[in-house]
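>>> What would the 3D arrangement of this be:
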Amino acid sequence: QVQLVESGGGLVQAGGSLRLSCAASGRTSNTYNMAWFRQAPGKEREFVAVISRGGGRSSYTDSVKGRFTISRDNAKNTVYLQTNSLKPEDTAVYYCAADGGRFSELGYRIADYDYWGQGTQVTVSS
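Okay, here's the model as predicted:
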């Protein structure tokens with residue numbers, strides 16, 4: 001079992017930045033790929049970014065490329081999402097997810113992930 005707890009969300013003006021954190025407990029963090037998803041009001045949850053177990057590979061959805069950076073510190077069992085140049089359309093609840101070590105390839109689908117945090121709200125004002 002893996003428990004995930006997100007933090008770092010908040011209210012920020014357009015153009016601002018936030019650093020989201022996801023602390024993992026349970027299994028050793030470097031045995032699973034980890035990702036960030038988000039869900040805006042009235043919309044489906046969508047993929048944002050993923051990072052491999054060792055941190056050497058990452059991938060992003062097109063709308064955040066060049067603005068968001070995913071990273072991880074396995075010694076601290078924590079994954080981060082640095083969000084820069086935020087836009088009002090980035091407003092959503094951001095969720096951290098872990099794939100439970102099932103895959104060597106990076107996953108982009110909700111079904112690829114076994115464990116989820118409770119989410120942290122990011123609100124970007126115009």
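>>> Give me the residue at the spatial middle of the protein.
The structure's the chain has its C-alpha centroid closest to residue 36; by CA atoms, centre = their mean the separation is 2.1 Å.
>>> so that one touches residue 97, yeah?
Yes. Here residue 36 reaches residue 97: they are 7.5 Å apart, a contact under CB atoms under 8 Å. Heads up, the C-betas are built off the backbone N, CA and C, glycines and all.
>>> about what we covered before: residues contacting the closest residue to the residue nearest to the centre of the chain other than its chain neighbours?
Distances taken as CB to CB, 6 or more residues apart in numbering put residue 48 closest to residue 36, at 4.3 Å, once the chain neighbours are dropped. Residues near residue 48 by CB atoms under 8 Å, 6 or more residues apart in numbering: 35, 36, 37, 38, 60, 61, 64, 68, 81, 94.
>>> same deal with residue 100?
By CB under 8 Å, 6+ apart, the neighbours of residue 100 are 2, 32, 113, 114, 115.
>>> Could you measure from it over to residue 119?
For residue 100, the distance to residue 119 equals 19 Å [CB to CB, to the nearest Å].
>>> Ok, residue 83 next?
15 Å.
>>> Looking at these two, which is more packed in?
residue 83 (26 against 18; other CB atoms under 10 Å).
>>> distance of the more buried one from residue 111?
From residue 83 to residue 111 the distance is 25 Å (CB to CB).
>>> where does the protein dip in pLDDT?
27-30 (pLDDT under 70).
>>> Mind doing that once more with 90?
Across the chain, residues meeting the criterion (pLDDT under 90) sit at 1-2, 25-31, 100-104.
>>> Give me the next element, helix or strand, following the helix or strand containing residue 50.
Using DSSP states H and E, residue 50 falls within strand 46-51. Downstream of strand 46-51, the first helix or strand assigned by DSSP H and E is strand 58-60.
>>> What residues of the helix or strand just after that following strand count as buried?
Toward the C-terminal end, the helix or strand that comes next after strand 58-60 (DSSP H and E) is strand 68-73. Of all the residues in strand 68-73, those buried under the rule 16 or more other CB atoms under 10 Å are 68, 69, 70, 72.
>>> and which of the residues you listed is nearest residue 13?
Within these, proximity to residue 13 (CB to CB) peaks at residue 68, which comes in at 17.1 Å.
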